[in-house]
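**Q** My questions are about this predicted structure, shown below with the sequence.
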Amino acid sequence: MNARPAKNIDSATIVGHFINGADVADSNRPEAITDPATGEVTRHVAMASKQTVEDAVAAAETAFPAWRNTPPAKRARIMFRFKQLLEEHADEIVAAITNEHGKVLDDAMGEFIRGVEVVEYACGIPELLKGEFSKNVGPKIDSWSEFQPLGVVAGITPFNFPAMVPMWMYPVAIACGNTFVLKPSEKDPSAPMLAARLLKEAGLPDGVFNLVNGDKEAVDTLLHDKRVQAVSFVGSTPIAEYIYTTGTANGKRVQALGGAKNHAIVMPDADIDNAVSALMGAAYGSCGERCMAISVAVCVGDDTADTVVSKFRDEIADLKVGNGTDTSNDMGPLVTKAHHDKVRAYVDLGVEEGADLVIDGRGLSVDGHEDGFFLGPCLFDNVTEDMRIYQEEIFGPVLCVVRAESEEHAMRLIDEHEYGNGTCIFTRDGEAARYFADNIKVGMVGINVPLPVPVAYHSFGGWKRSLFGDLYAYGPDSVRFYTRRKTITQRWPSGGVREKAQYTFPSNS
Ligand code: NAD
């Protein structure tokens, strides 16, 4: 399997793939993985060739017939065992997230637990797969609908939730009777790899779950392989759109979740102290690298904006930035040097565009971590609609304050924005909150809740260019996404009675 070792790289430290129930070593086009807190290269990850991905798809296709016919209760039992194993290995997985992504350990544990909750949901698959039955739809005729698995399905995931986002996909897909090929982010591949081995330990038959590391070559192979029936994608909007158009053009079912620019409205009557605390976590938690992060605070009225900005100054002064492994820190580094430079360039751009940089995180240096990819929290005031820092997703610790005249004005800004992932409103006025929730053109809405990420038994998805496709991730929508409805109509005629041909369309007339 593509064993052209890279120069000066110890092949034992190259993360390979997991295919047909076994680790597969590979040293094809190794990419460096860095510890973002120190800037040190800690290991490499192989970029799967077309052949390697096709091997994974072949393993998944071979495993499908037996897995599809395995009773759902037995599939659920494997999910129960998988959940137990995940919990036993939680610290190891969470440490891998922090070492490769950079987020602080508590935050990594938070994403891990939200992922495990989807496994818990998948444990209920016998109930979730129950079909629909109608007796006597016609004379002595019964009819039922059942939900059959699709076959081989693929998942392609982003760097920012290396454990949770893959778990949005494969637990339910597998529990429904599909087989799976995961292509996680090449920036932090270790957490999903650890989970892959635990699936095997939980008793999952070989080939039901496969993992290939890689880049565009691996993704394009999955998108063009006729054996792959469906693709779930989470990542940035340009790639989500590409995945959706290419996958659907190739006849696949596709759900592709994209980027975001989530606005929070702060109304004049809000509990401003609590709104600012909530926004601190939502804007700067995980260094702003969350698709549900709040990146725009729309303050209604200048008095509200002045108070919010002044309270942010105080709160930001207390925010501790450093290595995510130090549990006293609130915020870690950005994921890579390239991403750090991109976010920093957006801060430079905001200054050029004329926004007021109230808090400038660009000068931050963390003692003993001078080569880490740290950027301190940044706060812009007087940001306007025409600025690129308002229009584009920055995906870093940069919060833009926009001043609006009224709730309607604030809502118009949100509705006219390209993205529609999450939003929230801070207010004490139930009528204003209800009007907002009812009318805003966004998929996930919080009322005094800054990160309204649905729990595992609801479903996650945005509107507008934050989601391409019709069905959301995890929860009830995922059971529909990973199954195909079949409706069977059945009749057992009485033996020996000759029946006349009927040329009218069958009805209960
Ligand atoms: P990304 O789009 O760069 O990468 C996502 C996946 O696509 C990775 O596995 C990557 O290897 C692959 N990929 C990258 N470029 C590709 C190409 N040209 N062709 C084919 N495949 C390609 O995203 P990222 O930087 O890893 O993650 C951050 C983005 O993900 C942000 O935009 C964030 O908003 C978004 N995100 C969205 C959600 C959501 O639920 N809507 C959740 C998490 C992250």
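**A** Yes, it's here.

**Q** And the helices in the stretch 1-150 of the chain, which stretches?
**A** 50-68, 72-88, 90-101, 105-122, 125-128 (DSSP state H, counting those that start in this stretch).

**Q** Turn those into CSV, including distance to Asn28 and mean pLDDT.
**A** Bear in mind the C-beta positions are built from the backbone N, C-alpha and C, glycine included. Output for the helices of the stretch 1-150 of the chain, formatted as CSV (distance: least, Cβ to Cβ, whole Å; pLDDT from 0 to 100):
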stretch, distance to Asn28, mean pLDDT
helix 50-68, 7, 98
helix 72-88, 29, 98
helix 90-101, 20, 98
helix 105-122, 28, 98
helix 125-128, 36, 98
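
**Q** mind checking which of these is nearest Gln255?
**A** For Gln255, the closest of the helices of the stretch 1-150 of the chain is helix 105-122, at 14.8 Å, according to Cβ to Cβ.

**Q** Can you check what angle separates the closest one from helix 90-101?
**A** 120 degrees (axes from the mean of the first three to the mean of the last three Cα atoms, to 10 degrees).

**Q** What is helix 105-122 packed up against?
**A** Counting contacts by 3 or more Cβ pairs under 8 Å, 6 or more residues apart in numbering; DSSP states H and E, helix 105-122 packs against helix 72-88, helix 90-101, helix 164-175.

**Q** Packing partners of the longest one?
**A** Spelled out, it's helix 72-88. If you count contacts as 3+ Cβ pairs under 8 Å, 6+ apart, helix 72-88 packs onto helix 105-122, helix 125-128, helix 164-175, helix 190-201.

**Q** List the residues that contact the residue most central in space within the chain.
**A** The chain has Val165 as the residue nearest its centroid, 4.0 Å off, counting by Cα atoms, centre = their mean. By Cβ atoms under 8 Å, 6 or more residues apart in numbering, the contact set of Val165 is 115, 157-158, 234.

**Q** what about the stretch 201-350 of the chain, any weak spots by pLDDT?
**A** For the stretch 201-350 of the chain, not a single residue meets the criterion pLDDT under 70.

**Q** Do a quick rundown of the strands in it.
**A** Counting by DSSP state E, counting those that start in this stretch, the segments of the stretch 201-350 of the chain that form strands are 209-211, 228-234, 253-257, 262-266, 294-300.

**Q** next one: the stretch 401-509 of the chain
**A** Along the stretch 401-509 of the chain, counting by DSSP E, counting those that start in this stretch, strands occupy 419-420, 422-426, 444-447, 463-464, 467-468, 483-491.

**Q** if we can go back for a sec, any idea which of the helices and strands packed on helix 105-122 gets closest to the ligand?
**A** When these are compared by Cβ to the nearest ligand atom, helix 164-175 sits nearest the ligand, at 5.7 Å.

**Q** May I have that closest one as CSV, with CA atoms only?
**A** Only the C-alpha atoms of helix 164-175 are listed here, as CSV (Å, rounded to 0.1, in the frame of the first residue of the first chain):
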residue,chain,number,x,y,z
MET,A,164,-17.5,14.8,18.3
VAL,A,165,-18.2,15.6,14.6
PRO,A,166,-17.2,12.1,13.4
MET,A,167,-19.5,10.8,16.2
TRP,A,168,-22.3,12.9,14.8
MET,A,169,-22.2,10.5,11.9
TYR,A,170,-20.9,6.9,12.3
PRO,A,171,-22.7,5.7,15.4
VAL,A,172,-26.2,6.2,13.9
ALA,A,173,-25.0,5.2,10.4
ILE,A,174,-23.6,1.9,11.7
ALA,A,175,-26.5,1.3,14.0
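
**Q** The residue nearest to Ser134 when sequence neighbours are not counted: neighbouring residues, count only.
**A** Among residues not flanking Ser134 along the chain, Ser143 sits closest, at 5.0 Å (Cβ to Cβ, 6 or more residues apart in numbering). When neighbours are defined as other Cβ atoms under 10 Å, Ser143 has 16 of them.

**Q** now swap in Glu408 and tell me
**A** Glu408, neighbours per other Cβ under 10 Å, totals 11.

**Q** next one: Asn382
**A** Asn382 has 15 neighbours, counted by other Cβ under 10 Å.

**Q** Run a quick check on it versus Asp356, I expect a contact.
**A** Yes: using Cβ atoms under 8 Å, Asn382 and Asp356 qualify as a contacting pair, with a distance of 4.9 Å.

**Q** circling back: with distance to Gly285 and neighbour count added, can I get the contacts of Val165 in TSV?
**A** Listed next are the contacts of Val165 as TSV, based on distance: Cβ to Cβ, whole Å; neighbours: other Cβ atoms under 10 Å:
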residue	distance to Gly285	neighbour count
Gly115	17	25
Thr157	20	25
Pro158	17	24
Val234	19	27
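
**Q** Of these, which are in range of the ligand?
**A** 157-158, 234 (Cβ under 6 Å from any ligand atom).

**Q** The ligand: which of the residues you listed is nearest?
**A** Scanning the ones next to the ligand among the contacts of Val165 for proximity to the ligand, where the rule is Cβ to the nearest ligand atom, the winner is Pro158, at 3.0 Å.

**Q** ok, and the closest non-adjacent residue to the closest one?
**A** Nearest to Pro158 is Gly235, by Cβ to Cβ, 6+ apart, at 4.3 Å.

**Q** And Ala270, by the same measure?
**A** Nearest one to Ala270, counting by Cβ to Cβ, 6+ apart, is Phe426 at 3.9 Å.

**Q** beta partners of the one you found?
**A** Val266 (DSSP bridges).

**Q** Which residues are in contact with it?
**A** By Cβ under 8 Å, 6+ apart, the neighbours of Phe426 are 264-267, 270-272, 274-275, 278, 448.

**Q** what about Val152, neighbour count?
**A** For Val152, the count of nearby residues is 28 (other Cβ under 10 Å).

**Q** re the thing from before, please name whichever of the strands of the stretch 401-509 of the chain is nearest to the ligand.
**A** strand 467-468 (6.8 Å).

**Q** Now find how far off-centre the closest one is within its chain.
**A** 12 Å (Cα atoms, centre = their mean, to the nearest Å).

**Q** Would you map the helices across the stretch 401-509 of the chain?
**A** With helices called from DSSP H, counting those that start in this stretch, the stretch 401-509 of the chain shows them at 407-416, 430-439, 475-481.
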